[in-house]
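1. can you look at this prediction? I've put the sequence above it.
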Amino acid sequence: MVTPLQKIRKKRAEAINRIISKGYLSSKRVYVGMATCEIAAGSKEVMQVFQEAKAAGLTDVYLSQKGCAGRCNLEPTVEVVEEGKIPVKYGKINADRAKEIIEKHIKKGQVIQEWVIK
Amino acid sequence: MKKEYVITLCDGPTCMRNRSKELESVIQQELQRHDLQEERVRIMLSGCLGMCSKGPVMIINPGYTIYGKVAEKDIPEIIQQHILKNQPVARLAIQEDHLYNRFFRIFGDVKFFGKQMRIALRNCGIIDPEKIDDYLSVRGYEALAKVLTEITPQEVIGVVKKSGLRGRGGAGFPTGLKWELTAKEQSDEKFVICNADEGDPGAFMDRSTIEGDPHTVLEGMCIGGYAIGAKKGIIYIRAEYPLAIDRIKKAIAAAYENGFLGANILDSNFSFDIEIRLGAGAFVCGEETALIHSIEGSRGMPRPRPPYPSVAGLFGKPTLINNVETWANIPVIILDGADWFSSIGTEKSKGTKVFALAGKINNTGLVEVPMGTTLREMIYDIGEGIPNGKKFKAVQTGGPSGGCLSEEYLDTPIDYESLAKVGSIMGSGGMIVIDEDSCMVNMAKFFLEFTQNESCGKCTPCREGTKRMLEILTRISAGKGVPADLDKLERLGTMIKKASLCGLGQSAPNPVLSTLKNFRDEYEEHILKKHCRAHVCKQLFNYEIVDKCVGCGACKKVCPTEAISGELKQQHVITQSKCIQCGNCFKACKFEAIKKV
């Protein structure tokens, strides 16, 4: 008989495959905070900028929403995660800054130190 | 560009004892010897990393290599190999996979997060809360599968008891014992309830947990249901949290779809259903018996206990009721083990606690720290102190039911007993920092106003007592207090605490009693000198124009009562008898020429 533990391992493997098929292994992963607090601070517009950029042909980027990490006074927050590098955590991002992150960081690999949460 | 590294040294109590601090200076020297600047290698001190048996522990990111039992002599090799050649030293690396590590991988190099330990909030901010796949990928529902496969309900209760977990809703009742009591009852039907009726002003722990990681709550509830023999779970959440409700609904639907809820979960014999009940936002409904009444469709009012809900709860059936954060801890206890969980925290308070850090503090936010962390570490290390160079005055823990603690209590470790001993409570996790610009009398009044409003009115001490206390406080802050008022407040407060039916009344006087104890001089100033040192109580200070005035007339224009007079380019004056203390002139003056005296 298949035990629940065996079942869950299979389900997990399937889930991971599905996540990968959605581009998880892209060279950069972008997470936008989308809890009530982040949305109130304007994260929906930020998310929209990234979504539009992807629709307009930005490739090799995995985009996801996330819950609140708990950095209230620096919201909205955006993380850019890249294998083999320290994940970059940006704070107080608005639509204009999101566009700049795409141009500088995502496309050219230049981290915008000024907005990085340290 | 050369690769950047962050070296994290565990600064938890056990690692400290094993000389982790000395390691720091050795690393510094070694980095200097290789001329490695701070832009390339940063050293961070973390809070407890939960690997105490292998301390001192050091983590190098990126890559998240964990080095255990690090000795001074190993440092040159680690720097040489790992940092300079990017080859982790396999000989010294240890494999420790805890659920909370995932958060640390991404956020650990930020001081604010590095000092924390995220167990209940382990997935908040790293997974997409609306995708069950994301939760599954971080070992989601594995704890449930594990108990269904190899742990009997009795044993699950044993594990929770052994972990030392205590209720995170505020009272700190041992969770395992509660489960055991409910499991012991014989009944055709039992219920599991998740209390998500978070109502403290300034608290948002439960909301963030549900919005950031709803499945962990569901998984915890399923395990609870399995342990006590219940088939039905209810989440009681306030209607004021629309996004949290939306996400938990989506999570429930996804869990049904994937066989984690419903009949024969994961093809086992265990079936469990969860539904949502919305609360209308009454503070008292966070009290368990009032909450149960509200679910039953009655008015949300508490009733005397016993019988406790574990014996006669929802619809008279045995009911297990726990707070959101308590449920979120359960999967971790099952997967990482009770022994590991109980290695974190203090003797009587195990694990971590989530706080909503707010008020006059540089870093406001959601903080989860191991029990035993001091208030000072919380406010100055994680919160990074008070903004604008102001002085710390007090910290209020436990929301409107808690107490205000002054500076002398800053080294109090955060755990249930220590906080209670100094006259405050752990509560559900509100933590408000107050600086010198706040008036403690006004603060106490604010919290009492809240509890007085929220008192359900069932028992007299709470209904009448809080009202009378509020009247006295209002009188004092209006400059009409008399010395006997302080004794009256104390007597009333003590009586309300003793005689009230439920937790709301029993804790409502806390803000007043604790400020009376720790800030009595401010009350006396209000009463005897008719003076409010923080210039908050309007009737107890005047606005005056000093000689910095250039006579621009800006204040005169905004004064609604024409209390300000003066010629252009000459110092103006305020006619005190006309002034209503609205503060318009104070805000309008660009020359700091208006003072509160």
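-> Good, I have the coordinates. Numbers count the residues shown, from 1 in each chain, chains lettered A, B, ... in the order given.
2. looking at chain A, which residue is nearest chain B?
-> Proximity of chain A to chain B (CB to the nearest CB) peaks at residue A:67, 2.2 Å away. For glycine as for every other residue, the C-beta is placed from the backbone atoms N, C-alpha and C.
3. buried sites along the lengthiest helix in chain A?
-> As assigned by DSSP state H, the longest helix anywhere in chain A is helix A:4-21. For helix A:4-21, the neighbour count (16 or more other CB atoms under 10 Å in any protein chain shown) marks A:4-5, A:7-8, A:11-12, A:15, A:19 as buried.
4. returning to what we had before: and the residue of chain A closest to chain B, how many neighbours?
-> 29 (other CB atoms under 10 Å in any protein chain shown).
5. spit out the contact partners of it.
-> Residues in contact with residue A:67, defined by CB atoms under 8 Å, 6 or more residues apart in numbering or on different chains, are A:33-35, B:123-125, B:127, B:129, B:208, B:211-213.
6. mind doing that once more with 6 Å?
-> A:35, B:124-125, B:129, B:211-212 (CB atoms under 6 Å, 6 or more residues apart in numbering or on different chains).
7. before we move on, what about residue B:537?
-> B:439, B:442, B:477.
8. might one say that the second one is in contact with residue B:536?
-> Yes: with contact defined as CB atoms under 6 Å, residue B:442 and residue B:536 form a contacting pair (4.9 Å).
9. now, among the contacts of residue B:537, which is nearest to residue B:330?
-> residue B:442 (40.7 Å; CB to CB).
10. am I right that that closest one is in a strand?
-> No: per DSSP: H, G, I helix; E, B strand; the rest coil, residue B:442 lies outside any strand segment and is helix.
11. who's in contact with it?
-> B:477, B:536-537.
12. got a list of what residue B:451 touches?
-> Contacts of residue B:451 by CB under 6 Å, 6+ apart are B:400, B:466, B:508.
13. which of the residues you listed lies closest to chain A?
-> residue B:400 (20.0 Å).
14. just give the nearest non-adjacent residue to the closest one, would you?
-> residue B:447 (4.3 Å; CB to CB, 6 or more residues apart in numbering or on different chains).
15. before we move on, the earlier item: sitting in strands, which of the contacts of residue B:442 do you find?
-> Among these, none falls in strands (DSSP state E).
16. tell me the one of the residues you listed nearest chain A?
-> For these, the nearest to chain A is residue B:536 (23.0 Å; CB to the nearest CB).
17. number of nearby residues for that closest one?
-> 17.
18. residue B:4 now?
-> By other CB under 10 Å, neighbour count at residue B:4 equals 15.
19. within range of chain A, give me the residues from chain B.
-> B:4, B:6, B:61-62, B:106, B:109-110, B:124-125, B:128-129, B:133, B:136-137, B:141-142, B:145-146, B:148-149, B:208, B:211-212, B:243, B:266, B:268, B:364-366 (CB under 6 Å from any CB of the partner chain).
20. pipe the contacts of residue B:442 into a markdown table and attach pLDDT and distance to residue B:303 per row.
-> Output for the contacts of residue B:442, formatted as a markdown table (pLDDT from 0 to 100; distance: CB to CB, whole Å):
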| residue | pLDDT | distance to residue B:303 |
| --- | --- | --- |
| B:477 | 96 | 36 |
| B:536 | 94 | 39 |
| B:537 | 94 | 39 |
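21. the residue sitting nearest the centre point of chain A: what's it in contact with?
-> The residue lying closest to the centre of chain A (CA atoms, centre = their mean) is residue A:31, at 1.5 Å. Residues in contact with residue A:31 (CB under 6 Å, 6+ apart) are A:64, A:66, A:79.
22. and those residues, which of them are in helices?
-> Reading helices off the contacts of residue A:31, I find no matches (DSSP H).
23. residue of chain B nearest chain A, please.
-> Closest point on chain B to chain A, by CB to the nearest CB, is residue B:212, at 2.2 Å.
24. hmm, that residue is touching residue B:130, no?
-> No: taking CB under 6 Å as the definition, residue B:212 is not a contact partner of residue B:130, at 10.6 Å.
25. more neighbours: the two, which one.
-> Taking neighbours as other CB under 10 Å, residue B:212 and residue B:130 compare with residue B:212 leading, 29 against 18.
26. can you name the residues of chain A that neighbour chain B?
-> Checking chain A against chain B by CB under 6 Å from any CB, the hits are A:3-5, A:7-8, A:11-12, A:15-16, A:18-19, A:35-36, A:64-73, A:84-87, A:117.
27. buried members of the residues of chain B next to chain A into ChimeraX, please.
-> In ChimeraX, this line selects whichever of these come out buried by 16+ other CB under 10 Å:
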select /B:6,61,62,106,109,110,124,125,128,129,133,136,137,141,142,145,146,148,208,211,212,243,266,268,364,365,366
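28. where does pLDDT dip in chain B?
-> In the predicted model, chain B carries pLDDT under 70 at residues B:1-2.
29. just give me the residue closest to the centre of it.
-> residue B:355 (1.7 Å).
30. the helix or strand harbouring that one: what's the following helix or strand?
-> Residue B:355 belongs to strand B:352-359 when assigned by DSSP states H and E. Once strand B:352-359 ends, the next helix or strand along the chain (criterion: DSSP H and E) is strand B:365-370.
31. now the angle from that next one to strand B:352-359?
-> Comparing the axes of strand B:365-370 and strand B:352-359 via axes from the mean of the first three to the mean of the last three CA atoms, to 10 degrees yields an angle of 150 degrees.
32. starting at the chain centroid, how far to strand B:365-370?
-> 7 Å (CA atoms, centre = their mean, to the nearest Å).
33. what do you get for stretch B:230-241?
-> With CA atoms, centre = their mean, you get 21 Å for stretch B:230-241.
34. in it, what's buried?
-> By neighbour count on 16+ other CB under 10 Å, the buried set for stretch B:230-241 is B:230, B:232-238, B:241.
35. any chance of those residues in JSON lines, plus distance to residue B:472 and secondary structure?
-> Formatted as JSON lines, these follow (distance: CB to CB, whole Å; DSSP: H, G, I helix; E, B strand; the rest coil):
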{"residue": "B:230", "distance to residue B:472": "47", "secondary structure": "coil"}
{"residue": "B:232", "distance to residue B:472": "47", "secondary structure": "strand"}
{"residue": "B:233", "distance to residue B:472": "44", "secondary structure": "strand"}
{"residue": "B:234", "distance to residue B:472": "41", "secondary structure": "strand"}
{"residue": "B:235", "distance to residue B:472": "40", "secondary structure": "strand"}
{"residue": "B:236", "distance to residue B:472": "35", "secondary structure": "strand"}
{"residue": "B:237", "distance to residue B:472": "36", "secondary structure": "strand"}
{"residue": "B:238", "distance to residue B:472": "31", "secondary structure": "strand"}
{"residue": "B:241", "distance to residue B:472": "35", "secondary structure": "coil"}
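36. could you point out the longest helix in chain B?
-> helix B:460-477.
37. can you list contacts of it?
-> Counting by CB under 6 Å, 6+ apart, B:441-442, B:445, B:448, B:451-452, B:455, B:457, B:481, B:485, B:489, B:492, B:496, B:499-500, B:505, B:508, B:526, B:537 sit against helix B:460-477.
38. now list the buried members of the residues you listed.
-> For the contacts of helix B:460-477, buried by 16+ other CB under 10 Å: B:441-442, B:445, B:448, B:451-452, B:455, B:481, B:485, B:489, B:492, B:496, B:500, B:505, B:508, B:526, B:537.
39. sort out for me which of those residues are in helices.
-> B:441-442, B:445, B:448, B:451-452, B:485, B:489, B:492, B:496, B:505.
40. how many neighbours does the residue nearest to residue B:324 when sequence neighbours are not counted have?
-> Leaving aside its sequence neighbours, residue B:324 sits nearest to residue B:206 (CB to CB, 6+ apart; 4.1 Å). Applying other CB under 10 Å, we find 32 residues neighbouring residue B:206.
41. with that, I have no additional questions.
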